[in-house]
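> Below is the sequence, then the predicted model.
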Amino acid sequence: MKPELGVCYYPEHWPEANWAKDAARMIETGLTWVRIGEFAWSRLEPTPGNLQFDWLDRAIETLGSAGLKIVLGTPTATPPRWMMDKFPDMRAVDAEGHLRKFGSRRHYCFSHVGYIDECKRIAQILGQRYGRNPHIATWQIDNEYGCHDTTLSYSDAALNAFRRWLADRYGPIEALNTAWGNVFWSMEYNSFDQIELPNQTVTEPNPAHVLAFHRFSSDQVVAFNKAQVDALRPLTDAPLLHNYMGRVLDFDHFDVGDDLDIATWDSYPIGFLSDRLEADEAHRVAFLQQGDPDMQAFHHDLYRAVGRGRWWVMEQQPGPVNWAPYNPAPLPGMVRLWSLEAVAHGAEVVSYFRWRQAPFGQEQMHTGLLTPNGHGAPGLAEARQAADDLAALGEVQPARAPVAIVFDYASNWAWTTQPQGAGFDYFRLVFSAYRALRRAGLSVDFVPPAKVGEKHYYLILAPGVAVLGSLEQQLLQGCDLAIMGPRTGAITEDYQIPHAGRPGLDHLSSHVDLIETLPPQVVRTVDGGGNAEHWVEHLSGEAKTKLSFADGTPMLQGDAGLWYLAGFPDETLWDRVITMAAKETDLTLHMMPAGLRRREMQSHEVLINYNAHPISWNGLQIEGCDVLFRKHDSH
Amino acid sequence: MKPELGVCYYPEHWPEANWAKDAARMIETGLTWVRIGEFAWSRLEPTPGNLQFDWLDRAIETLGSAGLKIVLGTPTATPPRWMMDKFPDMRAVDAEGHLRKFGSRRHYCFSHVGYIDECKRIAQILGQRYGRNPHIATWQIDNEYGCHDTTLSYSDAALNAFRRWLADRYGPIEALNTAWGNVFWSMEYNSFDQIELPNQTVTEPNPAHVLAFHRFSSDQVVAFNKAQVDALRPLTDAPLLHNYMGRVLDFDHFDVGDDLDIATWDSYPIGFLSDRLEADEAHRVAFLQQGDPDMQAFHHDLYRAVGRGRWWVMEQQPGPVNWAPYNPAPLPGMVRLWSLEAVAHGAEVVSYFRWRQAPFGQEQMHTGLLTPNGHGAPGLAEARQAADDLAALGEVQPARAPVAIVFDYASNWAWTTQPQGAGFDYFRLVFSAYRALRRAGLSVDFVPPAKVGEKHYYLILAPGVAVLGSLEQQLLQGCDLAIMGPRTGAITEDYQIPHAGRPGLDHLSSHVDLIETLPPQVVRTVDGGGNAEHWVEHLSGEAKTKLSFADGTPMLQGDAGLWYLAGFPDETLWDRVITMAAKETDLTLHMMPAGLRRREMQSHEVLINYNAHPISWNGLQIEGCDVLFRKHDSH
Amino acid sequence: MKPELGVCYYPEHWPEANWAKDAARMIETGLTWVRIGEFAWSRLEPTPGNLQFDWLDRAIETLGSAGLKIVLGTPTATPPRWMMDKFPDMRAVDAEGHLRKFGSRRHYCFSHVGYIDECKRIAQILGQRYGRNPHIATWQIDNEYGCHDTTLSYSDAALNAFRRWLADRYGPIEALNTAWGNVFWSMEYNSFDQIELPNQTVTEPNPAHVLAFHRFSSDQVVAFNKAQVDALRPLTDAPLLHNYMGRVLDFDHFDVGDDLDIATWDSYPIGFLSDRLEADEAHRVAFLQQGDPDMQAFHHDLYRAVGRGRWWVMEQQPGPVNWAPYNPAPLPGMVRLWSLEAVAHGAEVVSYFRWRQAPFGQEQMHTGLLTPNGHGAPGLAEARQAADDLAALGEVQPARAPVAIVFDYASNWAWTTQPQGAGFDYFRLVFSAYRALRRAGLSVDFVPPAKVGEKHYYLILAPGVAVLGSLEQQLLQGCDLAIMGPRTGAITEDYQIPHAGRPGLDHLSSHVDLIETLPPQVVRTVDGGGNAEHWVEHLSGEAKTKLSFADGTPMLQGDAGLWYLAGFPDETLWDRVITMAAKETDLTLHMMPAGLRRREMQSHEVLINYNAHPISWNGLQIEGCDVLFRKHDSH
Ligand SMILES: [Zn+2]
Ligand SMILES: [Zn+2]
Ligand SMILES: [Zn+2]
């Protein structure tokens, strides 16, 4: 594989006279891919049925003939204003019952049948016109599903679809009443038509009700996406993809990804550290202009799994953005670092967002590779540098990761429904596990529950997986050692406590007797070092106790091949657990200094320094904000 | 009196085959009471008019014949789903104007006439069937009035009832305009039909309007409760009760209690410290797993007054709950401590919530005495221990408390309507007074304003009582010394400043000239020690100044029998005031170390140690989380 | 000019028997003005068309014949309840789509045509009856426009008016689409009827849409005010005025002021420090009972500009108020200090709010000069003292200010629409500049953008002015040195980035290449001292660099007559910049100690000590909370 670079471009924003010059300059910068079209519906169809594709024909021809491969987007994330007149009820409704109005983007409900038909229609028209066009190398469907909290909608369209979904799933209403335990608080229904969406209840609704609504809502995203996939597949051989976001967990990306060929995501390291990551102030200050050292890698690895090995960065932050609470500039070198780090994790393409900063609209303060008046912004030179680096690197292949983490979107829905403690969060827990593996210098794979056991790993971590299902058997097949817990196997599919108790394992005699959650200022000390925080379980059982709390109760129990953690480990405790697991499995660790990260490729060891200052490690010096590709034979 | 233990049980949640075993195990644990039925409407009447009582007949017979006395609940806190079809407008509306939907509990408006009729009907059916059943020893009406902010409703049903309530109270509309001072800002009405509920106004509504709405809303709760009382009284001789909550102040519990025979409350010490108590971080950490040392006692004493001497704990926290921001486990010993502390305050019954943890529904993470799969949870052994302790204790009688505090729900409504300073709160003020009396080792009674003077006390505290009425005369009859203020006698019944000024006393020449409120970082120092915080009044008048602020103005003025406080005392200042009051009245104080509390019974002095560590006091050693009943003759 | 004192009075609140006594006591206190009538509509017209003016005739006669000049208010801020029956749709709607109900004040939408007609009618009736009455010396129209967030309304009335306003402004819909850049995210409209108000969109709406809505909403306030001006002008020769609030920026006060003769404002120093000013805790504590030392002066100077030289304080805080989070009392001397400070800034009248504390209604805890039962409150003696001070002072004339600041309401709308960093705020930036000038002992004028160049100043500061227009040319005419930036000239009228780049100056080669915003814990150090915080721009260009960041990039660039600041200066940096500017322009600075402020009049230097303690300065001693008028010849 030879990784390439690309950029997002909006020909409809600029005079046609600029297009050829822009294309030439992209090529000159070392970019080979360009994404277009994903917000252009009002220009493709200014009034209902009035199709205006000439300009897009010319744009494709201009860009393509300059040597650029094109990602063509379907424009369904931004239905034009006239669509609202046609379907006044197509907009989503928020949890407070308020209609979410036209005037920005993503103003549609995933359950609106009329709008889904319109999306199929426009996708089909695009497919018919460009499905065999040689410049169209890939298709993007819609844009950033779920962004701006758009997965869940409390509209009538969603209500009706939810009732049908439940009837299909449960059969007679009595089955649903039993599955949900509706006898509790007299919540039993006489018919599916009595079920409402789980918002605005007096106190919290039944968690089974909420979890079902999350599963339903995720299925609606999958179906929405599949409608366009089905429209396009007969008309093109180019791969289909979608661009996901960071830490958007409201729908199951694996399910959407199964219908697509490539997963891509939109990586905004500085914005994400500012607006969606738990961190103390010192960490926020230290990495203010670099982003969190593990956040990008986490998503690279996650979306590599979603894409079944094929993945891109579709939007790479090129400078300050406009949407985070604070928007500082990346330190010099960081745009290049982010690009090369993605390559180290196996990206086929890294595409910058966007070519030229728009002088109008909501994102006018979002930088591009060019300034609004067409000068090179700082990101341009770094993109050029990254292109040179990639040219020098040549063919690369990803290496097998020795360890994996199970990632389960439904567990996030379960635990946001009933966190039990304000400090507990599924992503936070999994991210803490990921960080621990990275501090140990390990390359990491993510695996959805359904695929655990398909490949073999030294070690698989499965913290917080809500529903056990057949996971225990799969883990025993899929690794030398599996570490589960805390809160693994904690509920059934229908949000009940399992009859067999928690975690309910056949091959590990370890039982959760009691669960506690803790405020931030209180932790539980572990003998020998480290603490559990946020979440603590009281374990009993015959399994061997490998780590104990200060009061003598088990923190880590395990027998051959299966371990269970009784709390949310802090960094010190995670490091101890990983070290013990490495001993157990002959896994080699490479303990990393703060801010330095390591990723294995087949041919290279890649060292990525998120610090502003140089780091010496293992006889090597890595400059601040720099990436070092070290050939394996150069050891 | 021989105090007993009980438990809350949901036969409808478990296979009928379990019932007899559960009953036997309750008896074995030392429990003699069981509460059932309060959420079972959908099982008693699955569709309108389709009554299904056989299962309840059998449950009552099984539990009763095992030797358990039964509290039977009316199921009106959880109307079934079909009731919403019958009365779509029966649900409450929140202050933002949003309908509060079905799907949890308490989904009704207290003012909906159709629903009140349904409640009378179901109560009557239950009364006819079980009113003379020998196993039914007590009836609980509804469940936790006011919980989840359900007292105030902004529905049309409430609006119409409010207009009638106002017309009845004020007569011609001009009388209301004058009483409320509606000339201010041209708020005068031409008819009662023009009056709206006081939500969603541009800036704050007239406080007289808001206070009237609070009085009305409280009256609606009283009337709602009385409708079921009236339905049941002719059908049963068993006492009627309700289970109140902690720090729920939206309706007048004394008024509801006047129609009932026993007051009970639901005591969740750890949850309440976490979610409804002002405290600094150190206090929260020190008592994280015990609860605040005064919060339970406060409510025991308050509800003893509401029950006119007869009171229970209906729901006693048995382990971690599910609903607080953080849910740690009680320290070993605390479940027993809470139980015995209630007995020391005169409880007839302490009943645990609940027998067995439900594996489904909203409270599946709320522990019981048994785990979901039927093992003994930590609370079970402590309940067993408490039962043994009570057996050893034998007959006990409450002692007369030497001091009392006036508690007035309407004052809370007044001061939440116009706090004047963000740090001022009625409960907070009264609780600070209560803590001070408890630090001095005193047993405390609460008295509603209407009953002040019925019994005599050495000392009565009446801080923050909004409307004076005849309170001054009653206090002079009811105690040797009364301490009023701050903010006592501060408004009229219709929320005006009294013509005679504040506090408007006949026998104390003390006048409030100016009122200040202070941010948390600023206090006013008192000569000789201590500070006023949050709230400060400038006093003048001929009364003797007993304590002065550093600037020489009075902090405490008083003459024989009546004192007035000019600010919200901090702990040091409260201790000085109580010490001065004790000297004045020959009251004996027993100053207590932090976390140790004392309660007098006729035969015993009871010492309750909320600390995790042992405390030595007065030659005695009280272990951490332990209770010591010391016979008075053992001195 | 001989400054005078006045008071706000509500004859409708008190028995008619009191009026003459009150009037006599006002005169005795040294007050010569009285404002009445502005909330009295329900007494003037209790039911539609039923006019009741006799009481007002008598009140005017009583007050006037006692020697008081009367400000008569139109009562349009408080339409009576029957008006809601006539126009149910006249109330405003908030951004969440909720109707803002009757029951307080300002319950109208500025765009409701029917209500505007009613306002014209009542103004005309008042004008016909009292327009030539010799006691009516001034008219106040409405009361505190914009208070309680009432400028923006999301009602149907506003929507319809907004569509007409846009059609008038833009002509064909295509012009609007182009001007707003609606091609971005397919937001293009086919007709003006498709445009909605910019609330409740999925993510943020187009900033051009929001800014247009702000301009429109400001214009509606202007038109609403002008309707009453037009009704009154033919009927009276007395000046017309309005009373503005502090830090209310939602409408353009200059535009409203252009139709009036005098600007007045309502000054609540202690409330404003508590509820609307950025400050650290130490500052809040130090000035808790005095108010911020620059906040009053800022508004005095601003409203002097709005009134084109003629201005008053219409409501002066006389003691604790009722509406701030905390409401402490002014330190002794402060009521007098605030009064004299206003005079030093050129006030014609300082009028206290209110004469006697109301015992009812929303403001019953708002002090007056008298207590509710008619005793003198602390403010009364200070008003009396101020009257004596003014008598002693005699005739005074304002002095020319040597420096000015451009103040632009539209810039506030622009930057609240897209702050880009949570720490950036237009008022905060301008206020920091104002403070810096005051620390240097300078008297300051404010100038709206349209009038820059009409008078000449040594120095004009123009930070954060969003749209450049012809400002550069005006500044070159209007001063020796102009300092612009940060964020000056940053957008076009239609919220686009200017084609010429930022700031787009013709006579200064200084270009903004990149913009960063910073969290509070991060600053950018400037060589030689001081920091930029919140907002930082990367500058290039040929202009001379006068100050540099630690990394060598320019913080201040400038050539003769024009400087540009590349960041939001902290206090140290502002002081350096002002010192450099003074050297450049031969401006004399008088560096002031903390809390002491200085204002020049023609005859006097006035020193105002906001500290509680005395300050020695320049050989003078100024007592705590005192004002010193030093004759210029006494040097
Ligand atoms: Zn709403
Ligand atoms: Zn994006
Ligand atoms: Zn409960």
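It's in. Ligands and ions are numbered 1, 2, ... in the order given.

> quick check: domain ranges of chain A?
Annotated domains of chain A cover A:4-150+A:224-268+A:294-393, A:403-585, A:597-634 [automatic domain parsing].

> distance between the last one and the chain's centre?
Looking back up the chat, that one is domain A:597-634. Distance of domain A:597-634 from the chain centroid (Cα atoms, centre = their mean, to the nearest Å) equals 25 Å.

> With chain C in mind, check whether it reaches it.
No: remark: domain A:597-634 sits outside contact range of chain C, by Cβ under 8 Å from any Cβ of the partner chain, the gap being at least 12.2 Å. Glycine gets a C-beta too; all of them are placed from N, C-alpha and C.

> do you know which of the domains of chain A lies nearest chain B?
Proximity to chain B (Cβ to the nearest Cβ) singles out domain A:403-585 among these, at 3.9 Å.

> Give the phi and psi angles for the closest residue to chain C within the stretch 351-500 of chain A, as a check.
Per Cβ to the nearest Cβ, A:Phe360 is where the stretch 351-500 of chain A lies closest to chain C, at 2.4 Å. Here is the backbone geometry of A:Phe360 (degrees, to the nearest 10): phi -140, psi 170.

> wait, it sits on C:Tyr495?
Yes: using Cβ atoms under 8 Å, A:Phe360 is in contact with C:Tyr495, at 7.4 Å.

> Common neighbours of these two, please.
Common neighbours of A:Phe360 and C:Tyr495, counting by Cβ atoms under 8 Å, 6 or more residues apart in numbering or on different chains, are C:Trp180, C:Ala208.

> picking up where we left off before, can I get the domains of chain A in CSV including mean neighbour count?
Formatted as CSV, the domains of chain A follow (neighbours: other Cβ atoms under 10 Å in any protein chain shown):
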stretch, mean neighbour count
domain A:4-150+A:224-268+A:294-393, 21
domain A:403-585, 21
domain A:597-634, 17
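
> between those, which gets nearest to C:Leu166?
Of all the domains of chain A, it is domain A:4-150+A:224-268+A:294-393 that lies closest to C:Leu166, at 13.6 Å by Cβ to Cβ.

> picking up where we left off before, tell me the spacing between the residue of the stretch 351-500 of chain A closest to chain C and A:His13.
As judged by Cβ to Cβ, to the nearest Å, A:Phe360 and A:His13 stand 8 Å apart.

> anything in contact with each of those two?
Contacts common to A:Phe360 and A:His13, judged by Cβ under 8 Å, 6+ apart, are C:Gly181, C:Phe184.

> Tabulate the domains of chain A (CSV), appending distance to C:Met245 and mean pLDDT.
Putting the domains of chain A into CSV (distance: least, Cβ to Cβ, whole Å; pLDDT from 0 to 100) gives the following:
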stretch, distance to C:Met245, mean pLDDT
domain A:4-150+A:224-268+A:294-393, 28, 98
domain A:403-585, 39, 98
domain A:597-634, 46, 95
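
> Any idea which of these gets closest to B:Tyr303?
Of all the domains of chain A, it is domain A:403-585 that lies closest to B:Tyr303, at 28.7 Å by Cβ to Cβ.

> now the end-to-end length of the closest one.
Using Cα to Cα, to the nearest Å, one end of domain A:403-585 lies 11 Å from the other.

> do the same with stretch A:510-529
Start-to-end, stretch A:510-529 (Cα to Cα) is 22 Å.

> do that stretch and chain B meet at all?
Yes: with Cβ under 8 Å from any Cβ as the measure, stretch A:510-529 is seen reaching chain B through A:Asp513, A:Leu514, A:Ile515, A:Glu516, A:Thr517, A:Leu518, A:Pro519, A:Gln521, A:Val522.

> Filter these down to just the ones in strands.
Judged by DSSP state E, strands contain the following of these: A:Asp513, A:Leu514, A:Ile515, A:Glu516, A:Thr517.

> Please state the backbone phi and psi of the closest residue to the second one other than its chain neighbours?
Spatial nearest neighbour of A:Leu514, chain neighbours left out: A:His538 (4.1 Å); criterion: Cβ to Cβ, 6 or more residues apart in numbering or on different chains. Phi and psi for A:His538, reported as degrees, to the nearest 10, are phi -100, psi 120.

> Look up how far B:Ala329 lies from A:His538.
For A:His538, the distance to B:Ala329 - Cβ to Cβ - is 8 Å.

> shared neighbours of these two, which are they?
Counting by Cβ under 8 Å, 6+ apart, the residues touching both A:His538 and B:Ala329 are A:Leu514, A:Glu516.

> So which bits of the stretch 151-300 of chain A are right by chain B?
A:180-190, A:194, A:196, A:198-209.

> For these, I'd like a selection string for ChimeraX - just the buried members, please.
Buried residues within those, by 16 or more other Cβ atoms under 10 Å in any protein chain shown, are selected in ChimeraX with:
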select /A:180,181,182,183,184,185,186,187,188,189,190,194,196,198,199,200,201,202,203,204,205,206,207,208,209
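
> quick one: the helices in the stretch 151-300 of chain A?
A:156-170, A:173-180, A:207-232, A:253-257, A:269-275, A:281-286, A:295-306 (DSSP state H, counting those that start in this stretch).

> who's in contact with the helix or strand hosting A:Arg58?
In this structure, A:Arg58 sits in helix A:54-65 according to DSSP states H and E. Helix A:54-65 is contacted from outside by A:9, A:11-12, A:16, A:19-20, A:23, A:34, A:36-37, A:40, A:43-44, A:70, A:72, A:129-130, A:133-136, using Cβ under 8 Å, 6+ apart.
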